[in-house]
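>>> Sequence and predicted structure are below.
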Amino acid sequence: MSITTKDGVEIFYKDWGKGQPIVFSHGWPLSADDWDAQMLFFLNHGYRVIAHDRRGHGRSTQTGDGHDMDHYVDDLAALTAHLDLKNAIHVGHSTGGGEVAHYLGRHGESRAAFPKRSSMTFRWRSRPTARSSIATSPRVPSTTTTRRASLPRRPSRTGGARA
């Protein structure tokens, strides 16, 4: 499916399912297809999932102009208006993350969903210390520790198992 923007650029998009919408914005120089695994996951959990090809990417118009954040977010705003999205969750990767932030700044939050309260808090370290490791980092879920602990032990160089 596609929409045509006010400057005549066709923007290709995928729109699957019903429920609260999640809009995926891809990174440079990817396309909506790069979100397929995530889209299928959330589709199977009752969400409506939408991903678009940014102008000049994928199946959207290959144009030589309009490759700036203002045009990208205006295209995204045209898509959200065309689909009449309300309470949408926006997800972006790389350039798509900048697109989402710029979209909210330029077009407001009226069509976007924001959590009222988070039940999770994280402690972030600015730099790992010599004593920290990926298994003990507060950024990594405890399941990582379990996976690391379940790895088979390598034999020592002397031939016996390590203690």
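Noted; the coordinates are in hand. Being a predicted model, the structure only gives us computed values, none of them experimental. Numbers count the residues shown, from 1 in each chain.

>>> mean confidence score for the longest strand seen in the chain?
Across the chain, the longest stretch assigned as strand under DSSP state E is strand 10-16. Across strand 10-16, the average pLDDT comes to 98.

>>> Please apply the same query to stretch 58-69.
96.

>>> about what we covered before: who touches the longest strand of the chain?
1-5, 32, 39, 43, 48-55, 58-61, 75, 78-79, 83 (CB atoms under 8 Å, 6 or more residues apart in numbering). All C-beta atoms are positioned from the backbone trio N, CA, C, and that covers glycine.

>>> CA atoms only: put that strand into PDB for me.
C-alpha atoms of strand 10-16 as PDB (Å, rounded to 0.1, in the frame of the first residue of the first chain):
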ATOM      1  CA  GLU A  10       4.800   7.900  -2.800                       C
ATOM      2  CA  ILE A  11       5.400   6.400   0.600                       C
ATOM      3  CA  PHE A  12       5.100   2.600   0.700                       C
ATOM      4  CA  TYR A  13       3.800   1.100   4.000                       C
ATOM      5  CA  LYS A  14       2.700  -2.200   5.500                       C
ATOM      6  CA  ASP A  15      -0.300  -2.200   7.800                       C
ATOM      7  CA  TRP A  16      -1.200  -5.500   9.500                       C
END
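
>>> Pairing partners for the next helix or strand after it, with directions?
Per DSSP states H and E, the first helix or strand lying C-terminal to strand 10-16 is strand 21-25. The strands beside strand 21-25 in its sheet (DSSP bridges) come out as strand 48-52 (parallel), strand 89-92 (parallel).

>>> if I pick the closest residue to A77 other than its chain neighbours, what's in contact with it?
Leaving aside its sequence neighbours, A77 sits nearest to H107 (CB to CB, 6 or more residues apart in numbering; 4.6 Å). Residues near H107 by CB under 8 Å, 6+ apart: V73, L76, A77.

>>> Tell me if I'm right that the second one and H26 touch.
No. With contact defined as CB atoms under 8 Å, L76 does not count as touching H26 (11.4 Å).
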